[in-house]
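# Everything below, folded, please.
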Amino acid sequence: MTTSLRATTIYAVILTSLLVGCARRPALTAIGVAPAGASPAASAERPARVDSGQLAVVERREEIAQRPNPATFAENANVKPIYFDFDRYEIRPGDATTLDGDAAWLKTNDLLILIEGQCDERGTVEYNLALGDRRARAAMNYLVSLGVRAGRISTVSYGKERPVCTEHNEACWALNRRAHILVKPRG
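Prediction:
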């Protein structure tokens, strides 16, 4: 009798393990997203199922849609770019002085601000995009620390895609390692 009880218990444990291990994960739901081929009325009645990969794509698209269009910003002689050492994103003392002047002017002029992070041609596209982002954010954080409202500032990284100099030497590369500040009126 103990043998059959033991066998039944083992089968029950195995069956439970299989059922738990093979259970489907619940999909995330998003309001207003209709499944492919569904009518608008059907989507109003019940939310569509969205997996986490689709949700990440939707969130990324919304983030991009909320960013201001860089083409609408322009240079202004009152704000100057700052430059960075090779493979660095720390603000140098001389460039901090430049940002001090930029901040003073930006605080007295209620404009939207776009800081473009740029790199020289060395390094991979992915690495330079990340480095350009860190440079733009470093400049933004410095301006915010001086009293420029963070809500006015957007950042974008172009990596090595928009050089101001195309020669292949250190003097040229130094000009491309920069945070470039653009502005536009609100509205």
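# mind listing the strands in the protein by residue range?
Remark: strands assigned in the chain by DSSP state E are 28-30, 48-50, 82-83, 111-118, 153-159, 178-185.
# Single out the most deeply packed of these.
strand 111-118 (a mean of 23; mean count of other CB atoms under 10 Å). Heads up, the C-betas are built off the backbone N, CA and C, glycines and all.
# Can you spell out which helices and strands pack onto that one?
helix 125-145, strand 153-159, strand 178-185 (3 or more CB pairs under 8 Å, 6 or more residues apart in numbering; DSSP states H and E).
# related to what we said a few turns ago, could you export the strands of the chain as JSON lines, including mean pLDDT and distance to Gly101?
JSON lines is the format used below for those (pLDDT from 0 to 100; distance: least, CB to CB, whole Å):
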{"stretch": "strand 28-30", "mean pLDDT": "38", "distance to Gly101": "46"}
{"stretch": "strand 48-50", "mean pLDDT": "51", "distance to Gly101": "48"}
{"stretch": "strand 82-83", "mean pLDDT": "98", "distance to Gly101": "11"}
{"stretch": "strand 111-118", "mean pLDDT": "98", "distance to Gly101": "14"}
{"stretch": "strand 153-159", "mean pLDDT": "97", "distance to Gly101": "16"}
{"stretch": "strand 178-185", "mean pLDDT": "97", "distance to Gly101": "11"}
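# Figure out which of those strands is closest to Ala171.
strand 82-83 (11.6 Å; CB to CB).
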